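Colleague: how would this look folded up:
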Amino acid sequence: MALTAIIPAAAEAQSGPTIDFEAVTDYRDRGLSWSDGEIAARARIELPVTTSIDVSVQALTLRGSDRHGGADAGFDLAASYSGYEGLIDWRAGAVYHVFAGGNGDLDYVEVEAGAGASLGPAVVDVSASYAPSQDSIGGSNFYGRIGASLGIPATPLVVYGHAGRSSGTNNGSGNVTRLRPAGSYADWAVGAEYYIMPFTVSLTYSDTDIHRDELRVPVLDHHYGEKLVAGASIRF
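Modeller: Below is the predicted model of the structure:
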């Protein structure tokens, strides 16, 4: 739900809003399920303010997520600033995560930044997200990520992968299990997308190094392991 990849497109400034809709068999972020392992739907609109600044709103069905206090929906309100220099694209911004229909203090803020480099059909990116200490997430959270993608020449197929690590502080409230159910952990994923404008279908395998005996809240034990997720999206 946050800035998970840097897409080298700063040079292709949008003249109007872009809208995309997606359905997935499970919504996974940083290797963890946000939709209780169930089918989820996502909608996002991005609006350029200038050639460098854009704002976006994303809505996601959470299916009464145990991870997020039983919330039925999540919303990301984001603003970002981007640019490019030669083959390097960079981006920085902030995201306000809002949760609807849940119990307790759930909303939190993250700041994020990243850079990507492209060479022909290959792209490599690095990014980081930081949530300062907040009661709703039981402390602070830092997520670092490196990813890569490769467009297969003469085909509409793109293969991709990433590896990331989550860490941070714990204020003792227990809310830290939302983003780090067993403390600091690593996640990774590999997948492929098949694009036929304006549709994309995808298949992604993800996993983490979290072990069941490390979990602080056993109810989350089916939300962190290996999972194969199928998705379909349309973009305007």
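
Colleague: list the buried ones in the strand or helix carrying Ala131?
Modeller: In this structure, Ala131 sits in strand 122-134 according to DSSP states H and E. Neighbour-count burial for strand 122-134, with 16 or more other C-beta atoms under 10 Å as criterion, is recorded at Val123, Val124, Asp125, Ser127, Ser129, Ala131, Gln134. Backbone N, C-alpha and C define where each C-beta goes, glycine included.

Colleague: Just give the strands next to the helix or strand that it is followed by in its sheet, each with its orientation.
Modeller: Using DSSP H and E, the helix or strand that follows strand 122-134 in sequence is strand 139-151. Using DSSP bridges, the strands paired with strand 139-151 are strand 122-134 (antiparallel), strand 157-167 (antiparallel).

Colleague: any residues touching stretch 205-220, and which ones?
Modeller: By C-beta atoms under 8 Å, 6 or more residues apart in numbering, the list of residues contacting stretch 205-220 from outside reads 28, 31-32, 66-67, 174, 176-177, 181-183, 185-191, 221, 224-229.

Colleague: Would you report the backbone torsion angles of Asp209?
Modeller: Asp209 has phi and psi values of phi -100, psi 20 when expressed as degrees, to the nearest 10.

Colleague: Name the helix or strand for the closest residue to Phe75 other than its chain neighbours, please.
Modeller: The spatially closest residue to Phe75, leaving aside those adjacent along the chain, is Val98, at 4.4 Å (C-beta to C-beta, 6 or more residues apart in numbering). Taking DSSP H and E as the criterion, Val98 maps to strand 88-100.

Colleague: Sort out which residues of that strand are buried, please.
Modeller: Asp89, Trp90, Arg91, Ala92, Gly93, Ala94, Val95, His97, Val98, Phe99.

Colleague: Give the pairing partners of the longest strand belonging to the chain; include direction for each.
Modeller: Criterion DSSP state E: the longest strand present in the chain is strand 71-85. Using DSSP bridges, the strands paired with strand 71-85 are strand 53-65 (antiparallel), strand 88-100 (antiparallel).

Colleague: CSV for those strands, including mean pLDDT and distance to Ala79?
Modeller: Shown next, in CSV, are the strands paired with strand 71-85 (pLDDT from 0 to 100; distance: least, C-beta to C-beta, whole Å):
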stretch, mean pLDDT, distance to Ala79
strand 53-65, 96, 5
strand 88-100, 97, 6
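
Colleague: so where is the chain shaky, pLDDT-wise?
Modeller: Applying pLDDT under 70 to the chain flags the ranges 1-15, 218-221.
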